[in-house]
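Asks: Quick one, fold the following:
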Amino acid sequence: MFTATLIGEALARGDLSVAADRLAAAGCAPGDAIWLEEGRAADIAFAADLAAAREALEGAFAGSDVVVQPTASRRKALIVADMDSTMITVECIDELADYAGIKAEVAAVTEAAMRGELDFEGALDARVALLAGLDEGVIAQCLAERVRIMPGAKALVRTMRANGAEAVLVSGGFTRFAEPVAAEIGFGSAIANVLLIEDGRLTGKVAKPIVGSATKEETLLAAIAARGIDPALSLAAGDGANDLAMIRRAGLGVAYHAKPIVAAAAGARVDHGDLSVLLYAQGYARKEWVEA
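Replies: You can find the predicted model right below:
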């Protein structure tokens, strides 16, 4: 069996009827709809053809997200997530660059790298080099003034961990941001790049090897192996091209407000809602959430 979960700000019973009709027309043999939170999220079970169901439902309901997946493995035992523009609302390197007066220049490179148009490692080296000489104190200032947790992040991670899941934050950004962000949200661990600093100033270099696409994929696979879980019970979420490898290998790979190259490859897309969509997708009713 499979489950289609519809999540929106103002879902009506009529929307669920339309969804069931679309599933039936696609040959998916839908069952009854069940509210996870009335007006916000609902499940529709169906018997056949995951691909056809996704094609029938995605984009069919304005302002709503749809996640289609096998029912047996929907509640995950592992989440591996990106940080910048996924678990937080900003790209930290762009915000650091703003303090140096070069945000537009750096942000353009970040955007190209996240779209998959540039080699991530080379692009990171080039951007960090532009920050050479920046006062180390700007990192703490940026963390306090600019870094904001993505809505739904705390509830997602804390609810999953309260139900026995492991949570790993793995970022192509920097430990000086990833470690406090992971602690605030509730992740069990964080992996990120180390900015090199001498005499209180950024050297313009990052420690090697760089945490990039391969590290993210390896982190996911290592966590699956260490816990001895079925890979289907893993979830990976990110927005940029360096998240593609782990998204493709996870049981449920999620493109979160993602670049087109990621959205096209992911098993699920969140285009409208916040990270709480991923709680509904796992079958957590609103009353089951662990609130921040």
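Asks: Buried residues, stretch 141-156. List them.
Replies: With burial defined by 16 or more other Cβ atoms under 10 Å, the residues of stretch 141-156 counted as buried are Cys142, Leu143, Arg146, Val147, Met150, Gly152, Ala153, Lys154, Ala155, Leu156. Bear in mind the C-beta positions are built from the backbone N, C-alpha and C, glycine included.
Asks: Looking at those, which are in helices?
Replies: Of the positions in the buried residues of stretch 141-156, Cys142, Leu143, Ala153, Lys154, Ala155, Leu156 sit in helices, assigned by DSSP state H.
Asks: now those in a markdown table, with distance to Gly164 and pLDDT?
Replies: Below are those laid out as a markdown table (distance: Cβ to Cβ, whole Å; pLDDT from 0 to 100):
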| residue | distance to Gly164 | pLDDT |
| --- | --- | --- |
| Cys142 | 35 | 97 |
| Leu143 | 31 | 97 |
| Ala153 | 19 | 98 |
| Lys154 | 18 | 98 |
| Ala155 | 16 | 98 |
| Leu156 | 15 | 98 |
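Asks: Just the closest of those to Leu202, please.
Replies: Ranked by distance to Leu202 (Cβ to Cβ), those are led by Cys142 at 11.8 Å.
Asks: Looks like the closest one contacts Cys92 (just checking).
Replies: Yes: look at Cys142 against Cys92 with Cβ atoms under 8 Å: they come within range, at 6.9 Å.
Asks: shared neighbours, the two?
Replies: Here Cys142 and Cys92 have Phe177 as joint contacts, going by Cβ atoms under 8 Å, 6 or more residues apart in numbering.
Asks: any low-confidence regions in the protein?
Replies: Where the chain drops to pLDDT under 70, the residues are 292.
Asks: quick one: the helices in it?
Replies: 13-25, 50-57, 92-99, 103-114, 120-129, 137-145, 153-162, 175-185, 213-227, 244-249, 260-265, 277-281.
Asks: could you dump the third one to CSV, C-alpha only?
Replies: The C-alpha coordinates for helix 92-99 follow below in CSV (Å, rounded to 0.1, in the frame of the first residue of the first chain):
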residue,chain,number,x,y,z
CYS,A,92,25.8,32.0,6.0
ILE,A,93,28.7,32.7,3.6
ASP,A,94,26.6,35.3,1.8
GLU,A,95,25.8,37.0,5.1
LEU,A,96,29.5,37.0,6.1
ALA,A,97,30.3,38.5,2.8
ASP,A,98,27.8,41.3,3.5
TYR,A,99,29.9,42.4,6.5
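Asks: Would you mind pulling up the elements that that helix packs against?
Replies: For helix 92-99, the elements it packs on are helix 103-114, helix 120-129, helix 137-145, strand 166-174, judged by 3 or more Cβ pairs under 8 Å, 6 or more residues apart in numbering; DSSP states H and E.
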